[in-house]
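**Student:** Sequence plus the predicted model coming up.
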Amino acid sequence: MRPGRGGLALTAGALAATAGALAAAAALAAIGPWWSGASACPMPDAAIGGFARIDGGGFVMGRDPQHPEEGPPAHVFVSPFLIQVHEVTNAQFREFVDATGHVTDAERAGASALFDAESGDVRPMSWWRLAPGVNWRSPEGPGSGIEDRLRHPVVHVTQRDARAYAAWAGGRLPGEVEWEYAASLGLVDPTDPASGVRGPDGTARANVWTGIFPLFDTGADGHAGVAPVGCYEASRVGVHDMIGNVWEWTESRFGPATPRVAIKGGSYLCGANFCRRARVAARESMEPDLGTGHVGFRIVKDVDDRG
């Protein structure tokens, strides 16, 4: 698993600044939230399970590549499809499990990958551990649950689990091209790769890591940790959370010579000093049989326009 590959290493200077940054974070907490539009979820509950139509067309995939695995930019044509306007929620996944009896891979294995930075160890990847008893029902392990997180995206699911849900729901996982096309159409400013994270006025539009990763997340964008779906303004095509919150499974291989799968969108763990993949063109690889606490999914459906 490489959920944070490509991020900048924490430097001595960054660590030396931690005390001052912590003080600033405490000051922010004392005065209350300053951001606009992120503290309340603009998507109503009635919109849960809804889909947006993405008309067919062409776009430049891999635009403005920043890492070796991105690009080269290529003109691609995409057929129309429907995309769920939010990531699949715990409530939706529970309905699927209740109806089918599906047992997730994490439940079969008895463990899943859990982010844990409480040790203060800043060595790369030291904040991940394979934790017993962690699964979609118990996202932080035994004693945790989802009753107060039914609108959160389901996590600790593998590509197999996501495929099974998609088939039950009458859809499928998006291909990487489809995912990036929908995300690109939704950007406030297509010429600004960062416009998926913030609006022209600086308003937060995505749940990412604000602070020094992995030491603290200030929550300055409205949330620290995974957020409920639809808590940031919809994109220009009416879709929420394509950037940040949790990475999303696709149906596409990461490359021709690897069994890994492409995941898209970045997550709440992507910050200025690590990951740096909260962009539509960004991509990461994931073992298809591994669930983690920062990877979820959404589904798409085919459109038949033949009349």
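**Tutor:** Great, that's in hand. Residues are numbered from 1 along each chain as shown.
**Student:** For the residue positioned nearest the centre of the chain, give me its contacts.
**Tutor:** The central residue of the chain, meaning the one whose C-alpha is nearest the mean C-alpha position (C-alpha atoms, centre = their mean), is V246 at 2.2 Å. With C-beta atoms under 8 Å, 6 or more residues apart in numbering as the criterion, the residues that contact V246 are E87, P153, V155, V226, G265, S267, Y268, H294, V295, G296. Where you see a C-beta, it was placed from the backbone N, CA and C, and this is true even at glycine.
**Student:** any idea how far the last one lies from T203?
**Tutor:** When you say that, I think you mean G296. Using C-beta to C-beta, to the nearest Å, one gets 24 Å for the distance from G296 to T203.
**Student:** Between those two, which is the more surrounded one?
**Tutor:** Set side by side, G296 and T203 give different neighbour counts by other C-beta atoms under 10 Å, the larger being at G296 (31 against 16).
**Student:** On the strand side of things, show who the more buried one bridges to.
**Tutor:** On DSSP bridges, the residues paired with G296 through beta bridges are E248.
**Student:** Correct me if wrong: it contacts Q159.
**Tutor:** No. With contacts defined as C-beta atoms under 8 Å, G296 does not count as touching Q159, sitting 11.5 Å away.
**Student:** Quickly list what's touching both of these two.
**Tutor:** By C-beta under 8 Å, 6+ apart, the residues touching both G296 and Q159 are W249.
**Student:** got the contact list for the helix or strand hosting A182?
**Tutor:** In the assignment (DSSP states H and E), A182 maps to helix 176-185. When contacts are defined by C-beta under 8 Å, 6+ apart, helix 176-185 is touched by residues 54, 57, 59, 61-63, 76, 78, 81, 83, 174, 190, 196, 235-237, 239, 242-243, 248, 250-252, 262, 264-265, 280-281, 283, 300.
**Student:** how does it look with 7 Å?
**Tutor:** By C-beta atoms under 7 Å, 6 or more residues apart in numbering, the residues outside helix 176-185 that reach it are 54, 59, 61, 76, 78, 81, 83, 190, 196, 236-237, 239, 242, 248, 250, 252, 262, 264, 280-281, 283, 300.
**Student:** Could you tell me which of those belong to helices?
**Tutor:** For these, not one is inside helices, with DSSP state H as the criterion.
**Student:** Buried subset of those residues as a ChimeraX selection?
**Tutor:** Selecting the buried subset of the contacts of helix 176-185 in ChimeraX, with 16 or more other C-beta atoms under 10 Å as the burial test, is done by:
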select :54,59,61,78,81,83,196,237,239,242,248,250,252,262,264,280,281,283,300
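**Student:** gap between the two ends of stretch 158-177?
**Tutor:** Stretch 158-177 has its terminal residues 20 Å apart, counting by C-alpha to C-alpha, to the nearest Å.
**Student:** same question but for stretch 105-115, I mixed them up
**Tutor:** With C-alpha to C-alpha applied, stretch 105-115 spans 18 Å between its terminal residues.
**Student:** Which residue ranges of the stretch 51-200 of the chain form helices?
**Tutor:** For the stretch 51-200 of the chain, helices defined by DSSP state H, counting those that start in this stretch occupy the ranges 90-100, 105-109, 159-168, 176-185.
**Student:** Tell me where the model's unsure across the stretch 51-200 of the chain.
**Tutor:** Across the stretch 51-200 of the chain, the ranges flagged by pLDDT under 70 are 119-122, 124.
**Student:** burial count for T191?
**Tutor:** T191 sits with 8 neighbouring residues when counted by other C-beta under 10 Å.
**Student:** ok, it - contacts?
**Tutor:** Contact analysis of T191 by C-beta under 7 Å, 6+ apart lists nothing.
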